[in-house]
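Peer 1: 3D model of this:
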Amino acid sequence: TKLIRDHLLPSFPMRDNTTTKSTGDDDTTTTTTSMFQHGFDSFFPAMGWTCGNLSEGGIPLILGFDCFPVGMVSDDNLKAFCAAFGTTGSAPLFHMANITPEAMGDDGISEILLSSDGRRVEVTKKDLCESYKTLDSGRGDSDDI
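Peer 2: A predicted model of the protein is given here:
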């Protein structure tokens with residue numbers, strides 16, 4: 001949750017990021033997009049890969065994705081998270097607070113937290129950066145076929 005609130009949400013434009021640039025006699029409207037948009041889409045597989053690595057075979061409760069504004073997280077983003085989680089995690093599933101059915105509402109989340117025996121792992125910015133570095137390490141001149 002802290003990673004998402006402190007580092008990701010401030011990076012997103014919450015409304016149309018349009019600037020007007022005047023060139024001579026006519027006005028040209030240029031629409032600019034957040035440079036993080038590509039990063040936003042890559043965040044989900046990177047976070048899924050990280051959470052899978054950190055889950056150690058347990059079924060984790062993923063907190064923080066419900067901090068994103070409604071409609072910002074697409075089904076494809078969640079599928080990318082799930083696919084990446086499955087490549088590194090040995091757990092058969094995960095719960096995501098206020099997104100997956102078992103973790104809807106405070107009661108569902110509390111029940112899952114109580115069953116965790118106090119085990120908690122916080123994904124840090126450093127963890128996520130290491131994941132990006134690892135996942136992006138395949139760029140080279142060799143053709144490994």
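Peer 1: what's in contact with the host helix or strand of residue 83?
Peer 2: Assessed by DSSP states H and E, residue 83 sits inside helix 75-88. Contacting residues not belonging to helix 75-88 are listed as 41, 44-49, 51-53, 55, 94, 96, 99 [CB atoms under 8 Å, 6 or more residues apart in numbering]. The way it works is simple: take the backbone N, C-alpha and C, and place the C-beta from them, glycine included.
Peer 1: weed out the non-buried ones from those.
Peer 2: The neighbour-count test (16 or more other CB atoms under 10 Å) applied to the contacts of helix 75-88 identifies 44, 45, 46, 47, 48, 49, 51, 52, 53, 55, 94, 96 as buried.
Peer 1: so of those, which ones are in strands?
Peer 2: Counting by DSSP state E, the buried ones among the contacts of helix 75-88 place residue 96 in strands.
Peer 1: quick check: buried residues in the helix holding residue 83?
Peer 2: Using 16+ other CB under 10 Å as the test for burial, helix 75-88 gives 77, 78, 80, 81, 82, 84, 85, 86.
Peer 1: would you mind measuring from the last one to residue 49?
Peer 2: Counting by CB to CB, to the nearest Å, the separation of residue 86 from residue 49 is 10 Å.
Peer 1: again, but for the third one
Peer 2: The spacing between residue 80 and residue 49, counted by CB to CB, is 10 Å.
Peer 1: now the helices for the chain?
Peer 2: 2-3, 37-54, 75-88, 105-114, 125-135 (DSSP state H).
Peer 1: compare these and give me the one nearest residue 64.
Peer 2: Set against residue 64 and scored by CB to CB, the helices of the chain come closest in helix 2-3, at 6.9 Å.
Peer 1: mind giving me the packing neighbours of that closest one?
Peer 2: Judged by 3 or more CB pairs under 8 Å, 6 or more residues apart in numbering; DSSP states H and E, helix 2-3 is in contact with no other helix or strand.
Peer 1: quick check: mean pLDDT of that helix?
Peer 2: Averaging pLDDT along helix 2-3 yields 71.
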